[in-house]
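Colleague: Below: sequence and its predicted model.
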Amino acid sequence: MDSLTQLSINTIRLLSVDAVQKANSGHPGLPMGSAPMTYVLWQNHLRHNPKNPQWPNRDRFVLSAGHGSMLLYSMLHLTGYDLALDELKAFRQWGSRAPGHPESFCTPGVEATTGPLGQGATNAVGMAMAERFLAGRYNKPGHTIVDHRTYSLMGDGDMMEGITHEAAALAGHLKLGKLVWLYDDNKISLDGPTSLHFSEDVGKRFEAYGWHVQKIANGDTDTDGIDKAIAAAKADPRPSLIMVRTTIGFGSPHKAGSCEAHGSPLGPDEVKATKTALGWDPEKQFFVPEEAKSHLLSAVERGAAAEGEWQKTFEAWATANPALATEWKLAQKGDLPADWDAAIPTYTVKDDPATRVSGGKILAAIASKVPWFLGGDADLSCSTMTGLPGLGDFSGETGLGRNIHYGVREHAMGAIANGMAYHGGVRSFTATFFVFSDYERPAIRMAAISKLPVTFVFTHDSIGVGEDGPTHQPVEHLAALRAIPNLLVIRPADGNETAQAYRVAMKRNDGPVAVILTRQKMPTFDRDKMGPATGLTKGAYVLSEVAGGPPQVILIATGSEVSIAVAAQEKLLSSGIRARVVSMPCWELFEKQPADYRDSVIPRDVSARVSIEAGVSLGWHRWVGDGGVVIGLDRFGASGPGGVLAKQFGFTADNIVRAAMGLVKA
Ligand SMILES: Cc1ncc(C[n+]2csc(CCOP(=O)(O)OP(=O)(O)O)c2C)c(N)n1
Ligand SMILES: [Mg+2]
């Protein structure tokens, strides 16, 4: 390698080393070992514009091994992104734009929030799918406006995680030829050598998935080899894995090649020894040699030229395709077409569809009006009813089709949907049984952290599932999802609330929404006599009130239990007790309402309150108070018909009446 290449790579390494040392916290080993491949990729291949990190047709680079965040911050700083050296000096400190792990919402140029291993590489699959989808929809003969690659840098940890096994299998199946994973194959992870636990032939595994696999024997020095491999990866129609054999902590005389370089600062003496070994002045910190600086900053000029060229193509395309251009702009902004909700059905009292059924119709109605809305399921669309009729199956080759068949891969499904949201220009949903939300949960959490507008649909939401038994009956899942900050968990009670739930989901741009639906049929409430379903947008509302005075007891229910509460209300009335039924499909939306609205729905002076939800009681005391009763299910369900289970577990009008009478008479 030439001396400028060497100097640039060492600049990247030592900026990272210095920042970790100054923070006295962080992971120097990966940046030191991965600097050569990252340098070659960014300098010779990555098409990006540091002055416009939002350029839609930029190549994406995702650092899946998020612990190596200083590598990314060094690259962003050195190539001219809005990330000053002072931010690197404040690495991992309060308020810094160089946080411990990359956060997409914090640092310009960070494409995805990473750290939980495997998520980033899987997000990259979603980005590559979004690219294909947009190319399929918007490119026209003579006008190619979507044409970019997605790269992810991953380590042994990412490679071991199950999610990347799922994601790689799907990427191979879909033939995502513009996806490249660079694998930092250093054979060291946190606890020591990977020989402790990792011995499969990774290359053969990826070949079996249908990937193009290349190996670089000496990734510490063979920059030409890396360059050629990336060029070959770009030329190959399959997704590509480049296994780059590197030395963790390269350059450190005493810690290179050992897990000691993984997750702790090298120490002041070893930092100096490393600088000396790499031909650097050991006394200089955060030093960026002029030649390296101007060389790496050339990314700014290349980026401006690349985007400028694209802009011309885009304008010619927009002139030739004005309707598509309007659509593109809406989608990029996260807006919706004016008539996006025009086909959403309204349900009347004679309808009694399961909310999964009404949900499916609503989803299809939205998709018919929002051409950039696509999604899929983990091999359960026949049960979740989330298939989009007539809209075709997504093909990774043509980019056409809006039903994504994820296969039985819930975890990857969630992270891929997140990747599509990170990419932008598309909106997506995923679907599976609610009980398997556990398998998708790590991705849902990442969507919530990163404020991604992804809709997670879950059906078969309670013991109402019936005969499949306790393994398939969610019990703790509502509580578990409600525990995730910035996630809206909506459990609608009938078709009209379901329509409202999807309206909320489609309009939300600063975080994910989970829509929780039943397997079993649900009656439709008579909205002429009851509160309007738009009450859902406030999280909770008075669904049904009785005349003759203020309520003596309040029944608060969600989803399938709301109609049982309404039946109990009638029975209570015949015993002379006035009960109010509150439908509470979304705690989080209700929490955001002003106190006077909340007090109007659940008045402070009515302490006789009963909550009814076929799930664990956790959290419900907040709403019913010390004087209230929670009718929940603090055990696993059982195998048997849903109606029998509801009776056995106390989800009956009579049981609610008993609880309410006990409170009113006390
Ligand atoms: C899902 C998940 N599990 C565990 C960790 C904690 N962790 C962070 S890095 C790491 C080891 C990763 O090894 P590797 O990817 O080889 O990185 P290297 O040591 O080579 O830098 C572990 C276990 C994590 N971040 N995410
Ligand atoms: Mg490693």
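Modeller: Structure received. Ligands and ions are numbered 1, 2, ... in the order given.

Colleague: so what pLDDT did K665 get?
Modeller: Per-residue pLDDT puts K665 at 83.

Colleague: ok, how many other residues are close to the closest residue to ligand 1 within the chain?
Modeller: Closest contact between the chain and ligand 1, by C-beta to the nearest ligand atom, is at G155 (2.5 Å). Any C-beta I mention is one placed from the backbone N, CA and C, and that applies to glycine too. Counted with other C-beta atoms under 10 Å, the burial measure for G155 works out to 30 neighbours.

Colleague: Next: N139.
Modeller: Other residues near N139 come to 15 when the count uses other C-beta under 10 Å.

Colleague: List the backbone torsions phi and psi for it.
Modeller: phi -70, psi 140 (degrees, to the nearest 10).

Colleague: I'd say L618 and A479 touch.
Modeller: Yes: taking C-beta atoms under 8 Å as the definition, L618 is a contact partner of A479 at 4.3 Å.

Colleague: one step back: who are the contact partners of the residue of the chain closest to ligand 1?
Modeller: 30, 64-65, 68, 117, 183-184, 186, 189 (C-beta atoms under 8 Å, 6 or more residues apart in numbering).

Colleague: And these, which of them are buried?
Modeller: Members of those that pass the buried threshold by neighbour count (16 or more other C-beta atoms under 10 Å) are listed as 30, 64-65, 68, 117, 183-184, 186, 189.

Colleague: Among those residues, which lie within helices?
Modeller: Cross-referencing the buried ones among the contacts of G155 against helices under DSSP state H gives L30.

Colleague: out of the buried ones among the contacts of G155, who's near ligand 1?
Modeller: Contacts with ligand 1 are made by 30, 65, 117, 186, 189 out of these, judged by C-beta under 6 Å from any ligand atom.

Colleague: What is the most widely separated pair among those?
Modeller: Every pair in those was compared (C-beta to C-beta); the two farthest apart turn out to be L117 and N186, at 14.3 Å.

Colleague: Please, where are all the strands along the stretch 501-650 of the chain?
Modeller: Assigned by DSSP state E, counting those that start in this stretch, the strands in the stretch 501-650 of the chain fall at 513-516, 541-544, 553-557, 579-583, 609-612, 629-631.

Colleague: G80: which of these is closest?
Modeller: Nearest of the strands of the stretch 501-650 of the chain to G80, taken as C-beta to C-beta: strand 513-516 at 36.6 Å.

Colleague: Could you list which residues are in contact with A653?
Modeller: A653 makes contact with 564, 567-568, 570-571 under the criterion C-beta under 8 Å, 6+ apart.

Colleague: which among the residues you listed gets closest to ligand 2?
Modeller: I564 (54.0 Å; C-beta to the ion).

Colleague: So what's the residue count around that closest one?
Modeller: For I564, the neighbour count with other C-beta under 10 Å is 22.

Colleague: Break down the stretch 301-450 of the chain into its helices, ranges please.
Modeller: If you assign secondary structure with DSSP state H, counting those that start in this stretch, the helices in the stretch 301-450 of the chain sit at 322-333, 355-369, 381-384, 410-423, 437-449.

Colleague: Could you dump those into a markdown table and include mean pLDDT?
Modeller: Listed next are these as a markdown table, based on pLDDT from 0 to 100:
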| stretch | mean pLDDT |
| --- | --- |
| helix 322-333 | 98 |
| helix 355-369 | 98 |
| helix 381-384 | 97 |
| helix 410-423 | 99 |
| helix 437-449 | 98 |
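
Colleague: from what I can see F636 touches P474, true?
Modeller: No: with contact taken as C-beta under 8 Å, F636 and P474 are classed as non-touching, separated by 10.0 Å.

Colleague: which of the contacts of G155 lies closest to V489?
Modeller: Of all the contacts of G155, the one with the least separation from V489 (C-beta to C-beta) is L117, at 26.4 Å.

Colleague: what sits against that closest one?
Modeller: Contacts were defined as C-beta under 8 Å, 6+ apart; by that measure L117 touches 64-66, 155, 157-158, 160-161.

Colleague: How about it: what's its closest non-neighbour residue?
Modeller: By the measure of C-beta to C-beta, 6 or more residues apart in numbering, the closest residue to L117 outside its immediate chain neighbours is G157, 4.0 Å from it.

Colleague: Wasn't the one you found part of a strand?
Modeller: No: when the secondary structure is assigned by DSSP: H, G, I helix; E, B strand; the rest coil, G157 falls in helix instead of a strand.

Colleague: Look up how far L30 lies from whatever residue of the stretch 101-250 of the chain ends up closest to ligand 2.
Modeller: Among residues of the stretch 101-250 of the chain, the one nearest ligand 2 by C-beta to the ion turns out to be D156. It sits 3.6 Å away. When distances are taken as C-beta to C-beta, to the nearest Å, D156 and L30 turn out to be 10 Å apart.

Colleague: just T319 next, same as before
Modeller: Taking C-beta to C-beta as the measure, T319 and L30 are separated by 46 Å.

Colleague: what does the chain put close to ligand 2?
Modeller: Contact residues of the chain with respect to ligand 2, defined by C-beta under 5 Å from the ion, are listed as 155-156, 186, 188-189.

Colleague: of all these, which comes closest to Y347?
Modeller: Minimum separation from Y347 among the residues of the chain next to ligand 2 (C-beta to C-beta) is found for G155, which lies at 50.6 Å.

Colleague: Make CSV out of the helices of the stretch 301-450 of the chain and add distance to A501 and mean neighbour count.
Modeller: Output for the helices of the stretch 301-450 of the chain, formatted as CSV (distance: least, C-beta to C-beta, whole Å; neighbours: other C-beta atoms under 10 Å):
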stretch, distance to A501, mean neighbour count
helix 322-333, 22, 15
helix 355-369, 8, 23
helix 381-384, 15, 18
helix 410-423, 18, 29
helix 437-449, 16, 22
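
Colleague: Would you mind giving those helices as CSV with distance to P512 added?
Modeller: Conversion of the helices of the stretch 301-450 of the chain to CSV gives the following (distance: least, C-beta to C-beta, whole Å):
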stretch, distance to P512
helix 322-333, 18
helix 355-369, 16
helix 381-384, 17
helix 410-423, 8
helix 437-449, 4
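
Colleague: Which residue, other than its chain neighbours, is closest to W310?
Modeller: The spatial neighbour of W310 that comes closest, neighbours along the chain excluded (C-beta to C-beta, 6+ apart), is N57 at 5.2 Å.

Colleague: okay, now G162: neighbour count?
Modeller: When neighbours are counted by other C-beta under 10 Å, G162 registers 12.

Colleague: nope, S8 is what I was after
Modeller: With neighbours defined by other C-beta under 10 Å, the count for S8 comes to 27.

Colleague: Just to check, it is in contact with L296?
Modeller: Yes: applying C-beta under 8 Å as the test, S8 and L296 come out as touching, 5.9 Å apart.

Colleague: What segments of the stretch 451-600 of the chain are helices?
Modeller: Listed from the start of the chain, the stretch 451-600 of the chain has helices (DSSP H, counting those that start in this stretch) covering 477-482, 495-507, 562-574, 587-591, 595-601.

Colleague: which one of those helices lies closest to H148?
Modeller: Closest to H148 of those, according to C-beta to C-beta: helix 495-507, at 26.7 Å.
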